[in-house]
Structures are given as structure tokens and as C-alpha cells.
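*Asks:* The following comprises the amino acid sequence and a computationally predicted model.
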Amino acid sequence: MPELPEVETYARGLQPLIGRRFLGARALWLRSVPTGPDLLGPRIAGQVVIDVARRGKYIVFTLSDDVLLVHLKMTGELVVAPAAAPPDPHARVVFDLDAGEELRFHDPRKFGRVYLVADPAQVTGALGPEPLADDFTPQAFAARLAGRRGRLKSLLLDQTFVAGVGNIYADEALHRARLHPLRPADSLTPDEQVRLYDAIRAVLRQGIANRGTNLDWAYTQGTNQDVLRVFHRHGQPCLTCGTLIERMTVGQRGTHFCPQCQPLLRLEVAG
DNA sequence: CCACCGTCCTGGCTGC
DNA sequence: TGCAGCCAGGACGGTG
């Protein structure tokens, strides 16, 4: 499931497409293109790639006239291949590039989406702040937490709260911040708020430095799976304290945590 | 604002 | 060995 670090790695890897021209496109699975599968090819034909970037979990191709956004969801991949290469049975959208190549959107589970729009805000307008941006300060984070009574885990997964955090990095950030996933968001002390802020940025930066987390899916060359401390480690000892990592369901999401390092009730230690 | 549920999909897993 | 059935997972829409 590509999250911010994986999508960032993708966007960086696609930089060589800058300057290339789309000649056309075809949607092989119509629902993959909510903005109109039939319009995609005629509209993108002739447009040149000006920039490739990331916003939240979206890959954003700025084109000469429009903006192409791709959300990989869980199993999506983007691959540049020679047009003569063997067809991909899981290709959902195929873009014709110049120089006899194709950009293939491959997605076995068909959850990913491709949007071609004039204004990217049509797709990304509701997203929360970028957690690694300079203007995302501890004060801004604390202000967003204020009055939110929901559970931390659910809030971290809310893309309108902070953009780009998914299940892996939410669990990792909470463990690093020593906060239980069920803690009400507005119950954090100032120290805990700063710990969570620092932890979110640290795990995302580490993920980017490691070129993403590569679990059951082979689409990244990332190594971040080697440094995960709780995600998918239930039944194994916590790397901090040795207590067995537990798994629970929070908001329909598998959630992994250390009951010792992340107590639900803060222990009042007599001074 | 928040909780919860259904929907979309299919590969991979479990259990028999 | 084969097959049926279940489930994860991000985002969104609907409901209470």
C-alpha cells in the first residue's frame, strides 16, 4: 500500500518523463478513470510532461494543458515499457508516449484511480497539510489536534487531517511517539503532541531515505520494511522492550502496537 | 464532528 | 490436490 514515502519514491523515479510527450491513452478498465475513460486519450494527446511531483498519496503530472493525477491505492504501479513489450494482464490504463514507449498503469485489484483535470484541486483540494512541509509546524499540528476527540489511529489515517500517512506509517509513528492508538486526539499533553509531530516526520523521512517499504508487493526497491518496529510484527518481541507486539482492529484497520511502550492510561509516576 | 457500515476488487491465505 | 470461502486495504458515500 503505497503511502507518502512510496509515492515520493515513485515521483522521483518518474522524473525522466519530464519533457516527454503523450500521444494518446486508453482505459482498459473504465472505472480506473473517473474523469472519463473515453476522454482520456483525445485530451492527453499532444501534451508534454512539465513536472512530476507528489501531493499526499497522489502522483501529480503537470502537463502542458492539464494535470494528470494517479492514486495507486494498494496495488497500483506505474511502469514505463517499450510499446512492443509483452502486454500486461493487469494493465488498467495504457498511455502512449513518444519514442515508442508506453506508461502503463498496472493494478491487479483495480482500486487505483487516474484523473485528468484542468485544476488539480478538483482531486486534491480536500487534502490536509503536507507533513514534511516547512509550514507544517508543531504549533500548526497542535492546533489541528485541538477539539478532535477521535482516536489517534483513525485521525492519522484521515487524509484531510494530514496528507500521506497510511496504515504502516501511522502505526510506526504512534509507537515511536509512545502513544496508544486509541488515545483521544485532544487528550495529548503538549509534550505528547510534540512527540507525535516529531514521530510522524521522522518515520516518513526514514521511509523516503529507505526508498519506501516493500512488503508483499514487489513494486519498490525500498528497504524500509527492515526497520519497521511494529507494523506486521504482532507476536514478535518489541524491539524496544521485548514485550510481544499486539494486533487489534481500529476503525476497520489492522493496528499494531506495543502494550508496554504505548499504554492507554498514562502511568502517574510518583516523583 | 464522529462512529460505523457497505462498496469497490482480487490475490493469497485458511480450512476442509 | 483441489476447492470453497474469507479477508485486507484507502477512500468515499450514506446513516445515525
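*Replies:* Arrived safely, thanks for sending.

*Asks:* Could you list the residues of chain A in contact with DNA strand B?
*Replies:* Chain A comes close to DNA strand B at residues A:31, A:90, A:108-111, A:147-151, A:154, A:185, A:216, A:251-252, as judged by Cβ under 7 Å from any atom of the strand. Placement of C-beta: from N, CA and C, glycine included.

*Asks:* contacting residues around stretch A:129-145?
*Replies:* A:4, A:55-56, A:128, A:155, A:161-165, A:185-186, A:188, A:190, A:193-194, A:196-197, A:200-201, A:204-205 (Cβ atoms under 8 Å, 6 or more residues apart in numbering).

*Asks:* what do you get for stretch A:235-245?
*Replies:* A:229, A:230, A:233, A:234, A:247, A:256, A:257, A:258, A:259, A:260, A:261.

*Asks:* Just send those back as CSV, with pLDDT and distance to residue A:68 too.
*Replies:* CSV is the format used below for the contacts of stretch A:235-245 (pLDDT from 0 to 100; distance: Cβ to Cβ, whole Å):
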residue, pLDDT, distance to residue A:68
A:229, 94, 36
A:230, 94, 35
A:233, 91, 37
A:234, 90, 39
A:247, 91, 37
A:256, 93, 35
A:257, 94, 38
A:258, 94, 41
A:259, 94, 45
A:260, 95, 47
A:261, 96, 42
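
*Asks:* which of those residues are buried?
*Replies:* Of the members of the contacts of stretch A:235-245, the ones counted as buried by neighbours, 16 or more other Cβ atoms under 10 Å, are A:229, A:230, A:233, A:256, A:257, A:258, A:261.

*Asks:* Sort out for me which of those residues are in strands.
*Replies:* Judged by DSSP state E, the buried ones among the contacts of stretch A:235-245 include A:256, A:257 as members of strands.

*Asks:* and which of the buried ones among the contacts of stretch A:235-245 is nearest residue A:41?
*Replies:* residue A:256 (42.9 Å; Cβ to Cβ).

*Asks:* can you pull the contacts of the spatially closest residue to the closest one that is not a sequence neighbour?
*Replies:* Nearest residue to residue A:256, sequence neighbours excluded (Cβ to Cβ, 6 or more residues apart in numbering): residue A:230, at 4.3 Å. Contacts for residue A:230 (Cβ under 8 Å, 6+ apart) come out as A:171, A:172, A:175, A:238, A:245, A:256, A:257, A:258.
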